[in-house]
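A.B. asks: Turn this into a model:
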Amino acid sequence: MTLDRIQIGNLTAGVAIVLVFSCMAFAHAILVKSSPEANAIVAGPNVTLALIFNSRVDQARSSLVLEASDHLNSRVAVKIDTSAPQKLTGNVSGLAPGAYKLHWQVLAVDGHITRGELPFRVK
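C.D. replies: Here you go, the predicted structure:
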């Protein structure tokens with residue numbers, strides 16, 4: 001079986017499309033682990049937050065915002081840790097029992113922004 005030029009061209013185009021989309025799929029920072037975990041119940045009033053991503057993130061340009069059950073938002077200071085460039089950490093204190101959502105936004109080093117939220121409860 002031999003391939004003609006049209007078939008080779010189609011095959012080449014198909015491979016190029018697969019490569020482009022697979023690169024795009026890996027371009028975003030994806031949350032792979034968190035503390036607290038999603039929907040966890042943690043002891044308060046002080047909680048350490050840690051988010052680990054599948055790639056390096058720009059810690060200085062990433063953000064953490066804590067939303068309380070009354071929908072009031074508080075910005076959480078991100079600790080810059082150059083020894084763990086795939087991790088965002090922060091501390092919150094004085095949390096009353098109730099439901100919270102941690103809204104996160106990270107800037108991957110390739111320039112893509114990813115957002116998400118992490119619900120948890122304080123007992």
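
A.B. asks: For this structure, which segments are assigned as strands?
C.D. replies: Using DSSP state E, the strands of the chain run over 31-35, 40-42, 47-53, 63-68, 73-76, 87-92, 98-107, 113-122.

A.B. asks: can you list the residues that contact the shortest one?
C.D. replies: Outside of strand 40-42, the residues that reach it under the criterion Cβ atoms under 8 Å, 6 or more residues apart in numbering are 36, 120-123. (Glycine included, C-beta is placed from N, CA and C.)

A.B. asks: Nearest to Asn46 among those?
C.D. replies: Lowest distance from Asn46 to those (Cβ to Cβ) belongs to Val122, with 9.8 Å.

A.B. asks: what bridges to the closest one?
C.D. replies: Val42, Gly98 (DSSP bridges).

A.B. asks: wait, it sits on Leu95?
C.D. replies: Yes. Between Val122 and Leu95 there is a contact at 4.7 Å, judged by Cβ atoms under 8 Å.

A.B. asks: where do the contact lists of these two overlap?
C.D. replies: Shared contacts of Val122 and Leu95, counting by Cβ under 8 Å, 6+ apart, come down to 44-45, 47.

A.B. asks: ok, and the most crowded of those?
C.D. replies: In terms of neighbours by other Cβ atoms under 10 Å, those top out with Val47 at 21 neighbours.

A.B. asks: any weak-confidence spans in this protein?
C.D. replies: 1-27 (pLDDT under 70).
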